[in-house]
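Sequence and computational prediction follow.
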Amino acid sequence: MIGKLTGTFAGITFEGTVIIDVGGVGYVVRVPSLTSEIVQKQPLQVSLFIHTAVREDAIDLYGFLTNEELSFFKQLTSVSGIGPKTALGILNAAEIQHLKHSIARGDTTTLTKVFGMGKKSAERVVVELRDKLAQGEETSVDDGQVLEALLALGYRVEEVRQALKILIAREVQPETVSERVGATLKILGTRR
């Protein structure tokens, strides 16, 4: 089983998956759309945490920039009826903290926007994950509020999400919403 890949970005397949070259071997990895954008901009080295999905007819690799993304992906796939492709679709629907917060509150609105996910599947995700996510909800900061604040300042969703991913990857995390807004603004300011 593969747990992590570190290599260079070597292109995108016709299916939209990324290719990571590790020592001359190109690994095809399915990643969230924002991760794909970030990986394409990394000129040197890329590191992805990997989930290996083994099926009868294929072995698929799913890659994530942070361990938090990988962990949430695994939680999603633990829900009956939610496979890796659907879980990836859920991760593409919104920022992870917003998804976790919505599920912990019992809100299925964001989940029902995912292609192929109906109301019953969304409710199943909420029922099976609500308690697990609600425990961590008390200590986590809702980055949905950060996203909303920065959108109000005129930033685009994609650039805010990308800046939040960079912030989440850092070792030391700001604790309050206002501190996270300030830290994210600094990241956005260096990227313009």
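Received the coordinates, thanks. Source: prediction; values computed, not measured.

Touching, residue 124 and residue 76? I think so.
No. With contacts counted by C-beta atoms under 8 Å, residue 124 stays clear of residue 76, the gap being 11.0 Å. For every residue, glycine as well, the C-beta is placed using N, CA and C.

So for these two, which sits in the more crowded spot?
Between residue 124 and residue 76, residue 76 has the larger neighbour count (other C-beta atoms under 10 Å), namely 23 against 18.

Mind telling me what element that one is part of?
Following DSSP states H and E, the helix or strand that holds residue 76 is helix 67-77.

could I get that helix in PDB with only the CA atoms?
The C-alpha trace of helix 67-77 is given here as PDB (Å, rounded to 0.1, in the frame of the first residue of the first chain):
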ATOM      1  CA  ASN A  67      -3.400  14.600   6.400                       C
ATOM      2  CA  GLU A  68      -6.600  16.300   7.500                       C
ATOM      3  CA  GLU A  69      -8.000  16.000   3.900                       C
ATOM      4  CA  LEU A  70      -7.000  12.300   3.800                       C
ATOM      5  CA  SER A  71      -8.600  11.600   7.200                       C
ATOM      6  CA  PHE A  72     -11.800  13.300   6.200                       C
ATOM      7  CA  PHE A  73     -11.800  11.400   2.900                       C
ATOM      8  CA  LYS A  74     -11.500   8.200   4.800                       C
ATOM      9  CA  GLN A  75     -14.400   9.200   7.100                       C
ATOM     10  CA  LEU A  76     -16.500   9.900   4.100                       C
ATOM     11  CA  THR A  77     -15.700   6.500   2.500                       C
END
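
List the residues that are in contact with both of residue 124 and residue 76.
Jointly contacting residue 124 and residue 76 under the rule C-beta atoms under 8 Å, 6 or more residues apart in numbering are residue 82.

what's the spacing between the residue of the chain most remote from its centre and residue 7?
Relative to the centre of the chain, the most outlying C-alpha is that of residue 24, 27.3 Å out, by C-alpha atoms, centre = their mean. According to C-beta to C-beta, to the nearest Å, residue 24 and residue 7 sit 9 Å apart.

hey, where'd the helices end up in the chain?
Assigned helices in the chain, in chain order: 33-41, 67-77, 84-93, 96-105, 119-137, 143-152, 157-169, 177-191 (criterion: DSSP state H).

looking at those helices, which one has the lowest mean pLDDT?
Mean pLDDT is lowest for helix 143-152 among the helices of the chain, at a mean of 76.
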